[in-house]
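> sequence and predicted model, in that order:
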Amino acid sequence: MDQELEYQELTGTIETVIFKNEENGYTVLRLRADSGETVTVVGCFPFAAPGESMIASGEWMTHNVHGRQFKAEYAQRFLPSSGPAIYQFLAGGSVKGVGPATASLIVDRFGDKTLDVILNRPQELCEVRGISSAKAQQISKSFRQQAGLRMLMEFVCSFGLRPILALRAYKYYGDKALEQLRENPYLLCSTLIGATFREADTMALGLGMGGNSKNRIAAALLFELVHNTGNGHCFIPREKLAAVTAELIGVEAEEADECIDELIEEHHLRYEEIAGVKACYLPELYEAETNAAETFARMTKRHFKERLNTEKFLSRLEVQQRVSYDPDQRQAISMALDNQLMVLTGGPGTGKTTCIRAILAMFDELGLKTLLCAPTGRAAKRMTEVTGREAATVHRLLGAKFDEEGDRVVFTKKENDRLDCDVVILDECSMVDILLMDALLRALPPDARLILVGDADQLPSVGPGNVFSALIRSQVVATGTLSLIHRQGEGSHIIRNAHMIKDGAYPNFGENARDFFRLKRLQGASAVETITELCAVRLPNKMHIPPEEIQVLSPTRKGETGTVNLNKKLQEVLNPAAPEKKEKPFGDAIFREGDRVMQIRNNYDILWKNANNTEAGTGIYNGDMGVLRRIDPESETLTVDFDGHLATYGFDALTELEHAWAVTVHKAQGSEYRAVILALTGTSQQLMTRSVLYTAVTRAKELLILVGDDAVATRMIDNFRQARRYTALRVRLRALCGL
């Protein structure tokens, strides 16, 4: 509330709308202030039109290109009341079916009463030449939509909530949105609208709703389930769910428990007692976990008897590919031939890629069609590079897109339109959550093989579940485990130390080798200074590694050595401001031409094309890295080059991009870089784990430099305890297999 008290108020009339985004309401307009000054105002103003009056609350800011602007956090808008202002409003094209000529005729006929006629007596519009009964109804409908959204926005903003929530609510509930929210404000925190529980609770309590109302308790229960999917949980035990919900909103646990029964009856929550645990699931997670378990169980029972002498084939392949397969690799390759479902796991340098190449050659020999995929764009690109075969992201393979409402991801490949293949090989499987795995299984032909490749010691998926680990621990899935180190031989200190870390041993951090260095820095500021110098000067000049082949990693976003601060410092030295470089301030960051950026959420609809306009497509995915090539202030867009795919973003979509000279270890998973610099200073215990350190070390191909405190690395190695995830895939799978 303190921030709101600092807001300034600006009153005036809209003269011109410079830019508007129909999807989210982001608008840039010119306002003729009551003081007589004409100013630029930016904010969320759906359907804003010339002639409207406005009272905006916000703050002044200076844009490096457009100069002084007023950034409005909240605004009240009022329809024009005089004939000339109404004409300006209608002539600006704000109402479908009305242009300048028609606006002039309507205002000449009805004057100051024009808007009342359009809203309440549209049949009278037929008195105007050229307006039929159908067109009159169309004009009235368009205007009513604007009026309804305007009222809804004023209602939502009166509680200090974000205007975008009103836009989403109107998009889903239409003209009934205001009525629905008055009746149950907790609809705001559904996944369709995306408010936090606290925002919905603010509105509900402001409307005088009771602190122990059913709607409030139900919303809090569902909020806890949704929130905990971000912690990797597929379900929450009933007792715990009731207890944490009661604590969140200050009610009795018994009241929350009673509401759980009602949610089960209404099918908003799925309940099952499994392995002695009373599990409460969101319906989609229950369906995903049970379907995945049933499909995996069926696949474990299917075996093939192909007419291929594996030993003779591999002996011939060893000569062709100039490799030598160890016994574990030979066994894994045979498993891929014999089983419909197979897991291949191993640490760095143990020959997983060598096995994949052999498996591909084997299936080619048999005339089987194989598809390759990975969870992220960078992992798919790396798979393409090491196999010489085209690999796609899982989302692209499944034809991911937003539904017609634009609120939910759907896949075009599913039970009624399956993938055209005999085999799917999925790399970096530890990153795949239960929802994505379920989608892949539903799209897989019933007789197709599935080979899941990964490193069981890396971090689990960000999303719910721990699929890769569950399959291995179930002991019912054919699993090939590789342990003998091949890549770079015993001379690679990166690989040697990674395996030591995995096994809980301490590398000699003082033993600076040709590919593994430690630079001890006990203070955060000193560590940051060293990291920026390494990227800008020392590695490019002394080791001939250009900055674009260096990746800085940190366990955390926050703090002095977190990615947010590191990116600001790295931007200063790697892409400093210059007169020829355009910039776009956004939040606390400045996006500048030449910046390295990362897409931070899947966007299935964004268009891309190559530089020659010979290829085009849709979809940029979470973790994709690119370079910001162009900022166009006039069209309010910027263009990012993702490995030759040029994607254009509106300024309002910058929430999807982050600077990426430094990224978190979680974001780097599935990628490899020529040189990695890891910032090692203290952060939250949850991030100071062995798996985080191991994952970071294994991202480096040629060079790894640890900058920070040896004691931090030691504590991470000692912290092997992984946060427990509530998921029953392993239990279900074993039960279905009779164990």
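On my side now, so go ahead. All values derive from a computational prediction rather than experimental measurement. Numbering: from 1, shown residues only.

> could you pull out the helices for the stretch 401-550 of the chain?
434-443, 467-474, 493-502, 524-533, 539-542 (DSSP state H, counting those that start in this stretch).

> what mean pLDDT would you report for the shortest one?
I take that to be helix 539-542. For helix 539-542, the mean pLDDT works out to 95.

> and if you look at stretch 545-560?
Mean per-residue pLDDT for stretch 545-560: 94.

> ok, stretch 59-66 next?
For stretch 59-66, mean pLDDT is 78.

> okay, which residue is most central for this structure?
Taking CA atoms, centre = their mean as the criterion, R601 is the residue nearest the geometric centre of the chain, at 2.5 Å.

> what's the helix or strand for it?
Under DSSP states H and E, no helix or strand contains R601.

> the one 4 residues further on now?
Taking DSSP H and E as the definition, one finds D605 inside strand 603-609.

> now that strand: buried residues?
Across strand 603-609, burial judged by 16 or more other CB atoms under 10 Å covers 603-604, 606, 608. Just so you know, the C-beta spots here come from the backbone N, C-alpha and C atoms, and that holds for glycine as well.

> what's the closest of these to P547?
When those are compared for distance to P547 (CB to CB), W608 wins out at 24.6 Å.

> run the chain-centre distance for the helix ranked longest in the chain.
If you go by DSSP state H, the chain has its longest helix at helix 133-157. Offset of helix 133-157 from its chain centre (CA atoms, centre = their mean, to the nearest Å): 33 Å.

> so what secondary structure elements neighbour it?
Contacts defined by 3 or more CB pairs under 8 Å, 6 or more residues apart in numbering; DSSP states H and E place helix 133-157 against strand 67-78, helix 114-120, helix 163-173, helix 177-183.

> as CSV, these with mean neighbour count and distance to R538 would be great.
Converted to CSV, the helices and strands packed on helix 133-157 look like this (neighbours: other CB atoms under 10 Å; distance: least, CB to CB, whole Å):
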stretch, mean neighbour count, distance to R538
strand 67-78, 17, 40
helix 114-120, 18, 68
helix 163-173, 22, 45
helix 177-183, 17, 57
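
> so which of those is nearest C44?
When these are compared by CB to CB, helix 163-173 sits nearest C44, at 3.8 Å.

> show residues contacting the helix or strand hosting K312.
In the assignment (DSSP H and E), K312 maps to helix 310-321. Helix 310-321 is contacted from outside by 323-325, 330, 333-334, 337, 357-358, 361-362, 365, using CB atoms under 8 Å, 6 or more residues apart in numbering.

> same thing but at 6 Å, please
Helix 310-321 has contacts (CB atoms under 6 Å, 6 or more residues apart in numbering) with 324-325, 334, 358, 361.

> which among those residues end up buried?
325, 334, 358, 361.

> tell me which helix or strand comes right after the one helix or strand the second one maps to.
Meaning S334. Assessed by DSSP H and E, S334 sits inside helix 327-338. For helix 327-338, the following helix or strand on the C-terminal side (DSSP H and E) is strand 341-346.

> quick one: contacts of that next one?
For strand 341-346, the external contacting residues (CB under 6 Å, 6+ apart) are 299-300, 332, 335-336, 352, 450-454, 456, 471-472, 477-482.

> same deal with stretch 472-488?
So stretch 472-488 is contacted by 300, 326, 328, 332, 335, 339, 341-346, 349-351, 456, 471, 495, 730, 733-734, 737 (CB under 6 Å, 6+ apart).

> and it, what's its mean pLDDT?
89.

> can I get the CA coordinates of that stretch in PDB?
Extracted C-alpha coordinates of stretch 472-488, given in PDB (Å, rounded to 0.1, in the frame of the first residue of the first chain):
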ATOM      1  CA  ILE A 472      14.700 -46.900 -12.800                       C
ATOM      2  CA  ARG A 473      13.700 -47.400  -9.100                       C
ATOM      3  CA  SER A 474      10.700 -49.500 -10.100                       C
ATOM      4  CA  GLN A 475      13.000 -52.300 -11.200                       C
ATOM      5  CA  VAL A 476      10.500 -53.500 -13.700                       C
ATOM      6  CA  VAL A 477      11.700 -51.500 -16.700                       C
ATOM      7  CA  ALA A 478      14.600 -52.800 -18.800                       C
ATOM      8  CA  THR A 479      17.500 -50.500 -17.800                       C
ATOM      9  CA  GLY A 480      21.000 -50.200 -19.300                       C
ATOM     10  CA  THR A 481      23.400 -48.600 -16.900                       C
ATOM     11  CA  LEU A 482      26.700 -47.300 -18.300                       C
ATOM     12  CA  SER A 483      29.500 -46.600 -15.800                       C
ATOM     13  CA  LEU A 484      32.800 -47.000 -17.700                       C
ATOM     14  CA  ILE A 485      34.200 -43.600 -18.700                       C
ATOM     15  CA  HIS A 486      35.100 -43.300 -22.400                       C
ATOM     16  CA  ARG A 487      34.800 -39.600 -23.500                       C
ATOM     17  CA  GLN A 488      38.200 -37.800 -23.300                       C
END
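
> in it, which residues are buried?
Quick answer for stretch 472-488 (16+ other CB under 10 Å): 472-474, 476-480, 482, 485-486, 488.

> centre of the chain to that stretch, how far?
With CA atoms, centre = their mean, you get 30 Å for stretch 472-488.

> do the same with stretch 571-584
The answer for stretch 571-584 is 27 Å, by CA atoms, centre = their mean.

> on that earlier part again, inside strands: which ones of the contacts of strand 341-346?
The members of the contacts of strand 341-346 that map onto strands under DSSP state E are 450-454, 478-482.

> any regions of the stretch 1-150 of the chain where pLDDT drops low?
By pLDDT under 70, the low-scoring segments of the stretch 1-150 of the chain are 1-6, 21-25, 64-65.

> recalculate using a threshold of 80.
For the stretch 1-150 of the chain, the stretches with pLDDT under 80 are 1-7, 20-26, 44, 46-47, 63-67, 74, 92-94, 96-97, 145-147, 150.

> can you check the stretch 351-500 of the chain too?
Along the stretch 351-500 of the chain, the model assigns pLDDT under 80 to residues 402-408, 486-491.

> repeat the analysis, applying 50 as the threshold.
Scanning the stretch 351-500 of the chain for pLDDT under 50 picks out 489.

> the helix holding S334 vs helix 310-321, what angle?
110 degrees (axes from the mean of the first three to the mean of the last three CA atoms, to 10 degrees).

> mean confidence score for helix 327-338?
Mean pLDDT, helix 327-338: 95.

> for stretch 250-265, same thing?
Taken as a whole, stretch 250-265 has a mean pLDDT of 95.

> any chance you could list what contacts it?
Residues from elsewhere that reach stretch 250-265 (CB under 6 Å, 6+ apart): 212, 217-218, 242-243, 245-246, 269, 271.

> restricting to C-alpha, output stretch 197-211 in CSV.
Backbone C-alpha positions of stretch 197-211 (Å, rounded to 0.1, in the frame of the first residue of the first chain) are rendered in CSV as follows:
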residue,chain,number,x,y,z
PHE,A,197,-4.9,-16.5,-4.2
ARG,A,198,-4.0,-13.4,-2.3
GLU,A,199,-5.4,-11.2,-5.1
ALA,A,200,-8.6,-13.1,-5.2
ASP,A,201,-8.8,-13.1,-1.4
THR,A,202,-8.4,-9.3,-1.4
MET,A,203,-11.5,-8.9,-3.6
ALA,A,204,-13.5,-11.5,-1.7
LEU,A,205,-12.8,-10.0,1.7
GLY,A,206,-13.4,-6.5,0.3
LEU,A,207,-16.8,-7.6,-0.8
GLY,A,208,-17.5,-8.7,2.8
MET,A,209,-17.3,-12.5,2.3
GLY,A,210,-16.7,-14.6,5.3
GLY,A,211,-13.3,-15.8,6.2
